[in-house]
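*Asks:* Sequence and predicted structure, then a few things I'm wondering about:
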Amino acid sequence: MNSPKVGLLPCYIALYDQALPELASQQEPFLRRSADLLATLGCTVDTAPICRTRADFAAALARFNTAGIEVIVVLHLAYSPSLEAAELLAASPLPVILLGTTPDIAFGHGVDPQRLLYNHGIHGLQDLACVLRRLGKPYRVIAGHLTDPAFPRRCAEVIRAATAARALRGMRVLRLGGEFPGMGDFAAGDDALRAGLGLTVENGDPGDLAADVAAVTTAALADEAAADRAQFRIECEAAVHTRSNRVGLGLRARLTAGGFGAFSLNFLSFRDAAGPVDTVPFLECSKAMARGIGYAGEGDVLTAALVGALARGFGPTTFAEIFCPDWAGQSLFLSHMGEFNPALAAARPLLYEKEYTFSPARNPAVLACAPRPGPGTWVNLAPGPAGTFRLISCPVEILEDGTHPGIARWVRAWIRPPGPVATFLERFSQAGGTHHSALLPGDHAAAMADFAAFLGLEHRPLP
């Protein structure tokens, strides 16, 4: 997992400082154990001082904002009146997770009743959860004891989902060359993307990259070529490789300068074979996904943002399309022109010159590879009526690479959904899924419900 920045918010009640003055300090070891558990999950944890009053909570949230916190994790050390914190949490743009846990694992018939003082934070959580719901604030609850192996696993998945949701909301996305003419499924409209998902879309043309491409230095090209030789099997003339890297590095500079978390390009708009932007930067599209930048083809900034958000929360993710059903083998073949995240590759990717005939642009260098086999998650973000969006997800099995000798120069993958392929295809399109999706290694199907909840979206699990 990437390293999410988590703000741990300990809740308490001022009344106990008068009646039980030692109790707060006695709960400090429990607070530290909780923070340590989050750290073992790969989180960077900032623990706020114990909060009792609205002023305490306001100060803690201000601290989290300054520290660049991505997710708030609330821990009740005792009962804490919800109205001290609820409005502040509801107003925060950060996702909220409520930990329903206690210091003691047992509270049975033989318990010392004094242990109630240390283990009664659950009803403070219930108070807060009820009010957050009334205020319309999305949140998730994770209940269990710190020592239960299922508890940290669930924490990790929900924190991943929250981090991904935070990454999506407010993301800046670049679109070059408009949308592919007539391709309507992902074309929700930039205003709907802003209103429904918080995306800011900046539109441009390939020519906008000309200055950045022209500024690429010989030294930068040499460094990039050396990095490519270390990562890829290169079967490509140097001139083709160089021009792809030159345009790619110009695009990379544009993405960095604009603070973009994702981008998409319409390959048909790359038409100038003589100028600086003389080829389609498919190679950089693949490399960008390996760096955690979202990408999708044909001007689809919606799926590009999804890929970038999932990458931030869950790690390497790739843009993918279902091309062909394998009815006999009960699998689905995925491919695209030349874009795939090489961080998922089962073997060293091939870098080669691709024959390109769709516009006057010159032949690009592209990658070809297949993903590592194992469990995976298919994720789709689909526009719906009246500016709504639906998240569709399905656990899948990523299969072994193909065997035909001609497949080596293709972006390719085979996936197998649970149940018949026909059932998956029927239900996916009945749910309104688009033909562009994200493929995420690992079984994160349960976490997709949390991801959708943090975003306030309907979730449609398949099959």
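*Replies:* Looks like it came in fine.
*Asks:* where exactly do the helices run in the stretch 201-350 of the chain?
*Replies:* Taking DSSP state H, counting those that start in this stretch, the helices of the stretch 201-350 of the chain run over residues 210-214, 218-231, 238-258, 282-290, 301-314.
*Asks:* I figured Gly433 was touching Asn380, is that so?
*Replies:* Yes. Using CB atoms under 8 Å, Gly433 is in contact with Asn380, at 4.5 Å. Backbone N, C-alpha and C define where each C-beta goes, glycine included.
*Asks:* which residues do the two both contact?
*Replies:* Ile392 (CB atoms under 8 Å, 6 or more residues apart in numbering).
*Asks:* tally of neighbours for Pro375?
*Replies:* Neighbourhood size, Pro375 [other CB atoms under 10 Å]: 14.
*Asks:* which residues touch it?
*Replies:* Contacts of Pro375 were listed using CB under 8 Å, 6+ apart, and they are Pro395, Val396, Glu397, Ile398, Pro441, Gly442, Asp443.
*Asks:* element containing it?
*Replies:* Following DSSP states H and E, one finds Pro375 within strand 374-383.
*Asks:* Parallel or antiparallel, which strands does that strand pair with?
*Replies:* strand 389-398 (antiparallel), strand 437-441 (antiparallel) (DSSP bridges).
*Asks:* if you compare these, which one is most tucked away?
*Replies:* Each of those was scored by mean neighbour count; the highest is strand 437-441, a mean of 25, by mean count of other CB atoms under 10 Å.
*Asks:* Tell me which helix or strand comes right after that one.
*Replies:* Following strand 437-441 in sequence, per DSSP H and E, is helix 445-455.
*Asks:* residues in contact with that following helix?
*Replies:* So helix 445-455 is contacted by 95, 138, 140, 157-158, 160-162, 164-166, 168-169, 197, 313-314, 377, 379, 391, 393-395, 458-459, 461 (CB under 8 Å, 6+ apart).
*Asks:* mean confidence score for that helix?
*Replies:* Confidence for helix 445-455, expressed as mean pLDDT, is 97.
*Asks:* Could you tell me the angle between that helix and helix 301-314?
*Replies:* Angle of helix 445-455 versus helix 301-314, following axes from the mean of the first three to the mean of the last three CA atoms, to 10 degrees, is 110 degrees.
*Asks:* got the CA coordinates for helix 445-455 in CSV?
*Replies:* Taking C-alpha atoms only, helix 445-455 is exported to CSV below (Å, rounded to 0.1, in the frame of the first residue of the first chain):
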residue,chain,number,x,y,z
ALA,A,445,-13.8,-6.0,-4.2
ALA,A,446,-15.1,-5.4,-0.6
ALA,A,447,-13.2,-2.1,-0.4
MET,A,448,-14.9,-0.8,-3.5
ALA,A,449,-18.1,-0.5,-1.4
ASP,A,450,-16.2,1.8,1.0
PHE,A,451,-14.7,3.8,-1.9
ALA,A,452,-18.1,4.4,-3.3
ALA,A,453,-19.5,5.3,0.1
PHE,A,454,-16.8,7.9,0.8
LEU,A,455,-17.7,9.5,-2.6
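*Asks:* Give me the helices and strands touching the next helix or strand after it, please.
*Replies:* Tracing the chain past helix 445-455, the next element assigned as helix or strand by DSSP H and E is strand 458-461. Applying 3 or more CB pairs under 8 Å, 6 or more residues apart in numbering; DSSP states H and E, we find strand 458-461 packed against strand 389-398, helix 445-455.
*Asks:* In its sheet, which strands sit next to strand 458-461, and in what direction?
*Replies:* strand 389-398 (parallel).
*Asks:* chain center to the partner strand: distance?
*Replies:* Centroid displacement of strand 389-398 relative to its chain, using CA atoms, centre = their mean, to the nearest Å, is 13 Å.
*Asks:* try stretch 413-425
*Replies:* How far stretch 413-425 lies from its chain's middle: 23 Å, per CA atoms, centre = their mean.
*Asks:* and it, which residues are buried?
*Replies:* If you call a residue buried by 16 or more other CB atoms under 10 Å, then stretch 413-425 has these buried ones: Ala413, Trp414, Ile415, Arg416, Pro417, Val421, Phe424, Leu425.
*Asks:* cool, and stretch 133-146?
*Replies:* Going by neighbour count (16+ other CB under 10 Å), the buried part of stretch 133-146 is Lys137, Pro138, Tyr139, Arg140, Ile142, Gly144, Leu146.
*Asks:* Let me know the pLDDT of Asn2.
*Replies:* What the model reports for Asn2 is a pLDDT of 78.
*Asks:* what residues are up against the nearest residue to Cys285 once chain neighbours are set aside?
*Replies:* Nearest residue to Cys285, sequence neighbours excluded (CB to CB, 6 or more residues apart in numbering): Glu339, at 4.4 Å. If a contact means CB under 8 Å, 6+ apart, then Glu339 has Phe282, Cys285, Ser286, Met289, Tyr295, Gly297, Phe319, Val366, Val411 as its contacts.
*Asks:* Phe30 reaches His76, doesn't it?
*Replies:* No. In this structure Phe30 lies outside contact range of His76 using CB under 8 Å: 10.5 Å.
*Asks:* Adding pLDDT, write the contacts of Glu339 out as TSV.
*Replies:* As requested, the contacts of Glu339 are exported to TSV (pLDDT from 0 to 100):
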residue	pLDDT
Phe282	98
Cys285	98
Ser286	98
Met289	98
Tyr295	98
Gly297	97
Phe319	98
Val366	98
Val411	97
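*Asks:* Select from the buried residues of stretch 413-425 every entry located in helices.
*Replies:* Counting by DSSP state H, these place Val421, Phe424, Leu425 in helices.
*Asks:* so who does the first one touch?
*Replies:* Shown here is Val421, whose contacts under the criterion CB under 8 Å, 6+ apart are Pro325, Asp326, Trp327, Gln330, Ser331, Leu332.
*Asks:* go again using 10 Å as the cut-off
*Replies:* For Val421, the contact set (CB atoms under 10 Å, 6 or more residues apart in numbering) comprises Ile322, Pro325, Asp326, Trp327, Ala328, Gly329, Gln330, Ser331, Leu332, Ile415, Pro463.
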